[in-house]
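Visitor: I'll drop the sequence and a predicted model, then ask my questions.
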Amino acid sequence: MTQKTNSFKCYPLGDAAVVIQLGDQISPAINARVRAICAYLDEYSFEGFIEYVPAFTTVTLYYEPWVINYTKLLPLLQEMANEVLEEQEVPSGPILEIPVLYGGEWGPDLDFVASHNKISTAEVIALHTAPEYLVYMIGFAPGFPYLGGMNKLIAAPRKDTPRMKIAAGSVGIAGEQTGIYPIETPGGWQIIGRSPIDLFDLNREVPAFLKAGDKVRFVAISEKEFKKIRRVKDGD
């Protein structure tokens, strides 16, 4: 059963999780509420709490049902919402620059995105590098950032037939969204470039380079710069 409060509504997800829905539309303001809940849980949790998973407009809480059940959890969620959503300031994420080599073998769909929108490839690059993007959530693949803030003038449909293999670091567009493939994986986004940095590395203490709430700006680089960054990264 869905339970509604003044600030949000929530509903069970099986017998060991609850979804907190903080709005019905994807927007920075709603996502800020999501991050406020997550920031609170980072400092204050409850007995039986396991973890949370943030998304565009929701936070899913996983808990131990033998410690606390859904009915007893609801008042705690209301108390948390009253404290967090009305009083707590949302922490602002850092602005991270992501270098990208656009076009050519690194971005084979750049020409398609340009022709689809009746603009030049240079204009696509300029429009893609201009905004400050918000990382709304991480999903699909380990470390894959869903970014908000892309200019609609470079929107493009997904590919009719997904590629079986997309290189790690590939920067793509699907609809009005842009994102970066952190690992080699199949995918259907239009690939316009590639970044030489590792967005996901199991050898790091925190494997994912980006997290929800971070702010990102793309920076166009040359092939020479791309290879230099890779050499430094590989220790050559």
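Guide: Perfect, thanks for sending it.
Visitor: the helices in this structure, which residues?
Guide: Ranges of helices in the chain, per DSSP state H, are 28-43, 70-87, 110-116, 121-129, 223-234.
Visitor: contacts for the shortest one?
Guide: Think helix 110-116. The contact list for helix 110-116 (Cβ atoms under 8 Å, 6 or more residues apart in numbering) reads 102-103, 120-121, 123-125, 154, 156-157, 173, 190, 192-193. For glycine as for every other residue, the C-beta is placed from the backbone atoms N, C-alpha and C.
Visitor: now which of these would you call buried?
Guide: 102-103, 121, 124-125, 154, 156, 173, 190, 192-193 (16 or more other Cβ atoms under 10 Å).
Visitor: within the sheet, what are the partner strands of the top strand by length along the chain, with directions?
Guide: Taking DSSP state E as the criterion, the chain has its longest strand at strand 95-102. Strand pairing for strand 95-102, using DSSP bridges, gives strand 190-194 (antiparallel), strand 215-220 (parallel).
Visitor: show me which of the buried ones among the contacts of helix 110-116 is closest to Val59.
Guide: Set against Val59, the nearest of these by Cβ to Cβ is Ile173 (27.3 Å).
Visitor: can I assume that closest one is in contact with Leu153?
Guide: No - counting by Cβ atoms under 8 Å, Ile173 stays clear of Leu153, with 11.3 Å between them.
Visitor: coming back round to it: so which of the strands paired with strand 95-102 is the most surrounded?
Guide: Of all these, strand 190-194 has the most neighbours on average by mean count of other Cβ atoms under 10 Å, namely a mean of 26.
Visitor: and that one, average pLDDT?
Guide: The average pLDDT within strand 190-194 is 98.
Visitor: hang on, the earlier thing: for Arg217, find the nearest of the helices of the chain.
Guide: Taking the helices of the chain one by one with Cβ to Cβ, helix 121-129 is closest: 7.3 Å.
Visitor: who does the closest one touch, helix- and strand-wise?
Guide: strand 95-102, helix 110-116, strand 190-194, strand 215-220 (3 or more Cβ pairs under 8 Å, 6 or more residues apart in numbering; DSSP states H and E).
Visitor: so what's Ile26 up against?
Guide: The contact partners of Ile26, taken as Cβ under 8 Å, 6+ apart, are 56-57, 136, 148.
Visitor: please convert these to a markdown table, extending it with neighbour count.
Guide: Putting those into a markdown table (neighbours: other Cβ atoms under 10 Å) gives the following:
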| residue | neighbour count |
| --- | --- |
| Phe56 | 18 |
| Thr57 | 20 |
| Tyr136 | 25 |
| Gly148 | 18 |
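Visitor: in those, find the pair that's most separated.
Guide: For those, and using Cβ to Cβ, no pair is farther apart than Thr57 and Gly148, which are 11.7 Å apart.
Visitor: overlap in contacts, those two.
Guide: Listed as contacting both Thr57 and Gly148 by Cβ under 8 Å, 6+ apart are 26, 31.
Visitor: give me the domain ranges for the protein.
Guide: Domain ranges of the chain: 3-87, 95-234, per automatic domain parsing.
Visitor: worst mean pLDDT among those?
Guide: Among those, domain 3-87 scores lowest, with a mean of 86.
Visitor: ok so, going back, ok, which of the strands paired with strand 95-102 comes nearest Leu13?
Guide: So among the strands paired with strand 95-102, strand 215-220 is nearest, using Cβ to Cβ, at 29.4 Å.
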